[in-house]
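[1] this one's sequence-less:
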């Protein structure tokens, strides 16, 4: 069986909001009235901008403390990594690994994969196209699990509020970390995976 | 290519690579994948409108429980404290970092709440075969809310927080936690793409 035709070759485009098949020359989906684009607008520039923004914010997110713990008058601040190390030393290696994956591995995979996709698409590479499509879907799925650390800090800070004995407060680092998650999610959303396959066509859009 | 165009059969376009196919007829639990890029093209509808509505009503009730009762409580040397979902969001609303409280509030309270309200609105009307007022806006909003609804992450966060605190003090899960767990499952069931079936079912935009 031969390869299926491309929508653009048939004069069609997809409405991303309602899956409707629309003619290429319309600008609004006749069914759900969403704005139509054959490809996400300015996909590469937007994705680069969001990705670089996220990378910059990732530094303060890791260097600044995310949490302040006051135990019986002994105050200490912890960063994301020092939190992981604390869990590890405390014997809960499984939780340490979980937080490490959610807060370090997942964002780094997203940076690397999005960067790789952007560079290969810009070079109109035909290398491993199905695999690159799969990579894109993978980072779309894992993206929001990075919010884990933000939620843990929020929960712990909401609970441990015993004025004299001990308190836990969130710190600035968690803001940067949350923004990194939001920006990488937006970067993944603004990347158009169809650009990967446009390398097969000769006309440059 | 020409015959696809000529037959005017319902088509599907792969969202990830722009390949065009004739829309497959799928039974429940069956899925169709794109030949070119392997992405999911279509999935047999798992839940009917009635079932979706029933689960949405259940989600609304469970949502109220999850938001009124404490998620968990702690106690230490005779002192005790509890936190609800809202208090969890509030804990982040401190001075410079308030922005992150908004993101958190959106992902664990507002997005699920809006999903439930919008779904209930379109489904109640769809049950009577009617198109709800503002149907298009509701359906578009549902699509845009989906990625920002993160209850499953919150649930994992609660488990991590329990383990984190259990080392220093006594932790007891609250009614809110059980409601949260149920709500997470319900939102996964109703928040998916099954609702897109309404476009065809109600014949919206068909000329």
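    Happy to help now that I have it. Computed from a predicted structure; not experimentally measured.

[2] mind checking the longest helix of chain A?
    Looking across chain A with DSSP state H, the single longest helix is helix A:43-63.

[3] and that one, anywhere near chain B?
    No. Using Cβ under 8 Å from any Cβ of the partner chain, helix A:43-63 never reaches chain B; the gap is at least 11.0 Å. Any C-beta I mention is one placed from the backbone N, CA and C, and that applies to glycine too.

[4] got a pLDDT number for residue A:144?
    Looking at residue A:144, its pLDDT is 87.

[5] how much space separates it from chain B?
    Distance of residue A:144 to chain B, given as Cβ to the nearest Cβ, to the nearest Å: 5 Å.

[6] one more: residue A:163?
    With Cβ to the nearest Cβ as the criterion, residue A:163 and chain B are 9 Å apart.

[7] residue 28: how many residues sit nearby?
    Defaulting to chain A. Residue neighbour count, defined by other Cβ atoms under 10 Å in any protein chain shown, stands at 12 for residue A:28.

[8] oops, chain B please
    With other Cβ under 10 Å as criterion, residue B:28 counts 10.

[9] what residue spans form the domains of the chain?
    Went with chain A since none was named. Per automatic domain parsing, the structural domains of chain A span A:1-38, A:41-198.

[10] sorry, I should have been clearer: chain B.
    According to automatic domain parsing, the ranges for chain B are B:2-43, B:49-202.

[11] could you identify which of those is most buried?
    Highest mean neighbour count of these: domain B:49-202, a mean of 19 (counted as mean count of other Cβ atoms under 10 Å in any protein chain shown).

[12] how far is it from where the chain is centred?
    8 Å (Cα atoms, centre = their mean, to the nearest Å).

[13] shaky segments in chain B?
    B:1-9, B:206-207 (pLDDT under 70).

[14] before we move on, back to that, in the longest helix of chain A, what's buried?
    Under the neighbour-count criterion of 16 or more other Cβ atoms under 10 Å in any protein chain shown, helix A:43-63 has A:43-44, A:46-48, A:50-51, A:53-55, A:57-58, A:61-62 buried.

[15] what sits against the residue lying farthest from the centre of chain A?
    In chain A, counting by Cα atoms, centre = their mean, residue A:164 sits farthest out from the average C-alpha position, at 39.7 Å. The neighbourhood of residue A:164, defined by Cβ atoms under 8 Å, 6 or more residues apart in numbering or on different chains, contains no residues.

[16] can you give me phi and psi for it?
    phi -80, psi -40 (degrees, to the nearest 10).

[17] repeat that for residue B:170.
    Reported as degrees, to the nearest 10, the phi and psi values for residue B:170 are phi -80, psi 130.

[18] list phi and psi for the most centrally placed residue in chain B.
    With distances taken as Cα atoms, centre = their mean, residue B:191 lies nearest the centre of chain B, 3.3 Å away. According to degrees, to the nearest 10, the main-chain angles of residue B:191 amount to phi -80, psi 0.

[19] partner strands of the helix or strand of chain A with the lowest mean pLDDT, parallel or antiparallel?
    Ranking every helix and strand in chain A by mean pLDDT, DSSP states H and E puts strand A:161-162 at the bottom, with a mean of 86. Strand A:161-162 has the following sheet partners, assigned by DSSP bridges: strand A:166-170 (antiparallel).

[20] got the contact list for the strand it pairs with?
    A:66-72, A:153-154, A:156-157, A:159-161, B:76, B:91-92, B:94, B:97, B:100.

[21] remind me, longest helix of chain B?
    Per DSSP H, chain B has its longest helix at helix B:49-68.

[22] so, in contact with chain A or not, the next helix-or-strand element following that one?
    Going down the chain from helix B:49-68, the next helix or strand is strand B:72-76, by DSSP states H and E. Yes. Using Cβ under 8 Å from any Cβ, strand B:72-76 reaches chain A at B:72, B:73, B:74, B:76.

[23] show me where the chain has its strands.
    Chain wasn't specified; assuming chain A. A:12-14, A:21-23, A:67-71, A:74-78, A:161-162, A:166-170 (DSSP state E).

[24] other chain: chain B
    Remark: strands assigned in chain B by DSSP E are B:11-13, B:20-22, B:31-33, B:40-43, B:72-76, B:79-83, B:170-173.

[25] of those strands, which is nearest residue A:10?
    strand B:20-22 (5.8 Å; Cβ to Cβ).

[26] just the helices in chain B please.
    Under DSSP H, chain B gives helices at B:2-7, B:49-68, B:85-92, B:98-105, B:111-127, B:135-145, B:151-166, B:175-190, B:197-202.

[27] tabulate those (CSV), appending distance to residue A:79.
    As requested, these are arranged in CSV below (distance: least, Cβ to Cβ, whole Å):
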stretch, distance to residue A:79
helix B:2-7, 56
helix B:49-68, 31
helix B:85-92, 17
helix B:98-105, 16
helix B:111-127, 29
helix B:135-145, 32
helix B:151-166, 15
helix B:175-190, 28
helix B:197-202, 47
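
[28] give me the contact list for stretch B:110-126.
    B:49, B:52-53, B:56-57, B:59-60, B:63, B:131-135, B:138-139, B:141-142, B:145-146, B:148-151, B:183, B:187, B:190-191, B:195, B:198, B:201-202.

[29] right, I mislabeled it, should have said stretch B:183-198
    A:18-19, B:43, B:45-47, B:49, B:52, B:55-56, B:58-59, B:62-63, B:66, B:112, B:115-116, B:119, B:122-123, B:126, B:139, B:142, B:146, B:149, B:151-152, B:154-155, B:204.

[30] how much space separates the residue farthest from the centre of chain A from residue A:29?
    Counting by Cβ to Cβ, to the nearest Å, the gap from residue A:164 to residue A:29 is 60 Å.

[31] same check on residue B:34?
    21 Å.

[32] adding distance to residue A:76, write the strands of chain B out as a markdown table.
    Putting the strands of chain B into a markdown table (distance: least, Cβ to Cβ, whole Å) gives the following:
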| stretch | distance to residue A:76 |
| --- | --- |
| strand B:11-13 | 55 |
| strand B:20-22 | 58 |
| strand B:31-33 | 50 |
| strand B:40-43 | 47 |
| strand B:72-76 | 18 |
| strand B:79-83 | 20 |
| strand B:170-173 | 21 |
